[in-house]
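Colleague: Structure here, sequence nowhere to be found:
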């Protein structure tokens, strides 16, 4: 039997900047429908990061940076790194929860010009 491994979507993104945009969920803030549908940046990742990263809470940003450093550079097990970064992890979760809540709100319909 041939087993295949499914690679998570964010790991298939070709660019480190696109992976950061995906993990931070800032594609949800983009005005480009293509980016929102793809759930990642389909434009200029540098522009996206410059435009939207400044509104991501600092502790949420620190969580991903710290997690990456701990796991990839220092060999800390993932679960231990998350535990060590518990305050930043809570901020990251709160950020993603806020984005989820924002997505569930109905979008405003354009005013006037109708029928």
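Modeller: Good, I have the coordinates. Being a predicted model, the structure only gives us computed values, none of them experimental. Numbers count the residues shown, from 1 in each chain.

Colleague: per-domain residue ranges of this structure.
Modeller: For the chain, automatic domain parsing gives the domain ranges 12-55, 57-104.

Colleague: Now tell me which of the ones you listed the model trusts least on average.
Modeller: The weakest mean pLDDT among those belongs to domain 12-55, with a mean of 87.

Colleague: could you dump the domains of the chain to CSV with mean neighbour count?
Modeller: Where you see a C-beta, it was placed from the backbone N, CA and C, and this is true even at glycine. Below are those laid out as CSV (neighbours: other Cβ atoms under 10 Å):
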stretch, mean neighbour count
domain 12-55, 16
domain 57-104, 14
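
Colleague: Longest helix in the chain, please.
Modeller: Assignment by DSSP state H gives helix 86-104 as the longest helix of the chain.

Colleague: For the residue positioned nearest the centre of the chain, give me its contacts.
Modeller: With distances taken as Cα atoms, centre = their mean, residue 24 lies nearest the centre of the chain, 2.2 Å away. By Cβ atoms under 8 Å, 6 or more residues apart in numbering, the contact set of residue 24 is 52-53, 56, 60-61, 64, 95.
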